[in-house]
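**Q** this is a predicted model, with the sequence first.
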Amino acid sequence: MAEDSAILCCTSATSDITTARRRFEHEGLSFLTIVLPDFGKFIQKWIDQGQVGIHPSFSTGRGTLPLFLGGLFNRVFDRRSGLLLDEPSIDAIRALRQLTLSFAKISLPCSDARTMNAMVRYVECEKDVRQFDFDVSERDLNDFEEMSNLLFRDVFTIVDRDVYYDRLLPKHGPGAVADNLTSNGKYRSRSWTSRLSEVFLLDRYLIPNHHFVDDLEEVNVLEPGAEIPVRVISVPKTLKTPRIIAIEPTCMQYTQQALLRSLLEAFYRDELLCGLIGFDNQEPNQLMACQGSADGLTATLDLSDASDRVSNQLVIRMTRKWPLLQKAIQASRSRRADVPGHGEIRLAKFASMGSALCFPIEAFVFTTLIFLGIQKSLNRPLTKGDLHFFLGSVRVYGDDLIVPVEHVHTIVQTLEHFGARVGLDKSFWTGKFRESCGMEYLNGHDVTISRVRQALPYTMADATGVISTVSLRNQLYLAGYVGTAEWLDTLLMGILKYFPAVEPTSPVLGRGSYDSILSDENTGLSRMHPDLHIRQVRGYVVEAKAPSDPLDDTGALLKCLLKLESRAQLRAETPWHESGTTPEMESSPWAPPAGQDGKHLERSGRPKRVGIKLGWWPDR
């Protein structure tokens, strides 16, 4: 990558490669995964602030610029003053980021010490939330409630009505649960809580219909003190620190999904909120970040430990005028967490990642705080018309926030006043750099890099590594790193018997190429389909099979009826020409949902392993 970067930027990387090799020999993998990414974050800030600073791990010699990657720095900053050039090289900026940040998010397990430190931070974060609950004033809570009502009154009214008329439709997801049930095994669950029973009736949620009411005698209704706590675990994020998530009990996740469905249905009917908040499409955030990097009118903010810092007290206040909705949300919220090394702790936060309601509720809270900050900046109450004015300059996607630069300082103060923590190293508003939802921009130019997500594979048995490396190879090829792509081609061809050139849209693991039709026409890797006018290539595709998980009796009936009811709701709300079905399919209530596996009563859940399968496949 260094050699390709030097070619693209008309410089030399010989000394940089020597330095990287020497430091890798002494520091190991941490040089690539911790030291370089930290350097990359400094570089991003220097570009944003317009001047080079000092990094403790890389010397500057006699000048102002770091000696390491100095040829690239010379094309971005002035050698004497260290100031950002009037027209810095976009290729050099992209190369600096590529070489320093590529290995930041490689999926490798952290050391036990780092994992335990992450658990300590999780507990300390909980203490911070409790301190916020103690310190927050009634006036602050009133201001928060008024702004939330202005934003979400219509949505909460609809969901509150759904709870009253018992129109909530639950579902089980494929993920893990705290009580260790399999995907289909969740439909046999006979555990409930007394808190849930007050809102989510047993005969409505645990059995197919009243003909099976006798089955309810087997249900174990748990009192608050006996409820199953969420199970806090770590999953790979970076080698520096893991990601901490919480696995919910089956009954909680089941009812959270019911509320989520109603909440999203109401949300998508509100044109204003759809313009301010995103749940399933990151592109609006990315486009706004690109525009903000060009005109400097919007800032991108990133929150640290976002979900773990949302106080449940704010959620209670947000839903105070809708008592049924509030009761349902609180009943489906887990109150305790089992943290490795710390035992069970009482939760003041609303929920950690893992709760079905975590993502939308945190988005609602952050949106409220953004407009509360704008209101304080303007020093006057906001109206509904004011909210429409900020369409195009305010956007929330989880903890990725886009806000107007003219109000950014007050917004940051408001967020932190209400317990959030703004990551200043990943938030940008002073210069021309912006980052949101995985895309980075500088002055309107895309400077997003390709990241190494998995360790490079050595055999076909490492299917995950092969799949990830093929993706990396194709990303680098499209970014102009042709030499790196050829190096990876050599590696992959030594592992895969067939590695054809393919179109970017092909399901085949192959070499993305601008001339894929000509690349393999004489190699035996390409042919026309024997019966159809379709070009095929010989290669491997990803194969992920759900684990065996047979379900029968009452649980099978409950699952099938829930799926039918879910599809009936979708059909009632979405015209057939938008849903992708045909009028004939719509007329049959027993037709399986599009793409639904007909063997879902035999196999269900997330695949335990991913494999690759050889065959002839379409090249696009």
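**A** That came in fine, so what should we check first?

**Q** name the residues of whichever strand or helix holds residue 124 that are buried.
**A** Assessed by DSSP states H and E, residue 124 sits inside helix 112-135. The neighbour-count check on helix 112-135 (16 or more other Cβ atoms under 10 Å) flags 115, 118-119, 122, 125-126, 128-130, 132 as buried. Backbone N, C-alpha and C define where each C-beta goes, glycine included.

**Q** quick one: residue 458 is in a helix?
**A** No - per DSSP: H, G, I helix; E, B strand; the rest coil, residue 458 lies outside any helix segment and is coil.

**Q** isn't residue 392 right up against residue 287?
**A** No - using Cβ atoms under 8 Å, residue 392 is not in contact with residue 287; the gap is 10.1 Å.

**Q** list the helices and strands the strand or helix carrying residue 96 packs on?
**A** Under the criterion of DSSP H and E, residue 96 resides in helix 90-101. Where contact means 3 or more Cβ pairs under 8 Å, 6 or more residues apart in numbering; DSSP states H and E, helix 90-101 is packed against helix 2-9, helix 36-49, helix 70-73, strand 439-442.

**Q** tell me the buried residues in stretch 143-163?
**A** For stretch 143-163, by 16+ other Cβ under 10 Å, it's 143-145, 147-152, 155-156, 158-160, 162-163.

**Q** pLDDT score for residue 141?
**A** Per-residue pLDDT puts residue 141 at 96.

**Q** next one: the one 3 residues further on
**A** As summarised for this prediction, residue 144 has a pLDDT of 97.

**Q** right, and it touches residue 317 too?
**A** Yes - using Cβ under 8 Å, residue 144 is in contact with residue 317, at 6.0 Å.

**Q** nearest residue to residue 321 other than its sequence neighbours?
**A** residue 149 (6.6 Å; Cβ to Cβ, 6 or more residues apart in numbering).

**Q** could you pull out the strands for the stretch 301-450 of the chain?
**A** 336-339, 343-346, 395-397, 400-404, 433-436, 439-442, 445-446 (DSSP state E, counting those that start in this stretch).

**Q** what sits up against stretch 17-28?
**A** Under the criterion Cβ atoms under 8 Å, 6 or more residues apart in numbering, residues 2-3, 31-32, 35, 68 lie in contact with stretch 17-28.

**Q** meant to ask about stretch 99-118
**A** 1-2, 5, 16, 29, 32-33, 36-37, 39-41, 43, 69, 72, 234, 236-242, 244, 340-341, 449-455.

**Q** in TSV, list the buried residues of helix 112-135 along with pLDDT.
**A** Formatted as TSV, those follow (pLDDT from 0 to 100):
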residue	pLDDT
115	92
118	92
119	94
122	94
125	94
126	95
128	95
129	95
130	95
132	94
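
**Q** in the stretch 101-250 of the chain, where is pLDDT below threshold?
**A** Judged against pLDDT under 70, the stretch 101-250 of the chain has no low-scoring part.

**Q** all helices of it, in order?
**A** In the stretch 101-250 of the chain, the helices defined using DSSP state H, counting those that start in this stretch lie at 112-135, 138-164, 194-197, 202-205, 250-267.

**Q** so which of those comes closest to residue 93?
**A** Nearest of these to residue 93, taken as Cβ to Cβ: helix 112-135 at 30.6 Å.

**Q** dump that closest one to CSV, keeping only the CA atoms.
**A** Extracted C-alpha coordinates of helix 112-135, given in CSV (Å, rounded to 0.1, in the frame of the first residue of the first chain):
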residue,chain,number,x,y,z
ASP,A,112,-8.0,-10.3,28.9
ALA,A,113,-6.7,-7.2,30.6
ARG,A,114,-8.2,-4.9,28.0
THR,A,115,-11.5,-6.8,28.1
MET,A,116,-11.7,-6.5,31.9
ASN,A,117,-10.8,-2.8,31.5
ALA,A,118,-13.8,-2.4,29.2
MET,A,119,-16.0,-4.0,31.8
VAL,A,120,-14.7,-1.6,34.4
ARG,A,121,-15.5,1.3,32.1
TYR,A,122,-19.0,-0.1,31.6
VAL,A,123,-19.6,-0.1,35.4
GLU,A,124,-18.0,3.4,35.7
CYS,A,125,-20.3,4.6,32.9
GLU,A,126,-23.3,3.3,34.9
LYS,A,127,-22.1,5.4,37.9
ASP,A,128,-21.9,8.4,35.7
VAL,A,129,-25.5,8.0,34.7
ARG,A,130,-26.5,7.6,38.3
GLN,A,131,-24.6,10.8,39.1
PHE,A,132,-26.5,12.6,36.3
ASP,A,133,-29.8,11.4,37.7
PHE,A,134,-28.8,12.9,41.0
ASP,A,135,-27.6,16.2,39.6
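
**Q** now for residue 430: which residues touch it?
**A** Per Cβ under 8 Å, 6+ apart, neighbours of residue 430: 48-50.

**Q** separation between it and residue 311?
**A** Noted for residue 430: a distance of 30 Å to residue 311, by Cβ to Cβ, to the nearest Å.

**Q** sorry, back to before: list the buried residues of the helix holding residue 96.
**A** 90-101.

**Q** what's the answer for stretch 168-185, then?
**A** 168-173, 176-179, 181-185.

**Q** helix or strand with the lowest mean pLDDT in this structure?
**A** helix 583-587 (a mean of 36; mean pLDDT, DSSP states H and E).

**Q** state the next helix or strand along the chain beyond it.
**A** Next element after helix 583-587 (DSSP H and E): strand 611-618.

**Q** quick check: neighbours of that next one in the sheet, parallel or antiparallel?
**A** When pairing is defined by DSSP bridges, strand 611-618 lines up against strand 535-543 (antiparallel).

**Q** hmm, who's touching the partner strand?
**A** Contact with strand 535-543 is made by 463, 466-467, 496, 498-502, 506-510, 517, 520, 524-529, 610-620, as judged by Cβ under 8 Å, 6+ apart.

**Q** repeat that for 6 Å
**A** 467, 498, 500, 502, 507-510, 525-527, 529, 611-614, 616-617, 619 (Cβ atoms under 6 Å, 6 or more residues apart in numbering).

**Q** likewise for stretch 603-615?
**A** With Cβ under 6 Å, 6+ apart as the contact definition, stretch 603-615 has outside contacts at 174, 183-184, 463-464, 540-541, 543-549.

**Q** which of these fall in strands?
**A** Members of these lying in strands (criterion: DSSP state E): 540-541, 543.

**Q** ok, back up a step: now a PyMOL select for only the buried ones of the contacts of strand 535-543.
**A** PyMOL command restricting the contacts of strand 535-543 to the buried ones, with burial defined by 16+ other Cβ under 10 Å:
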select buried, resi 467+498+500+502+508+509+510+525+526+611+612+617+619
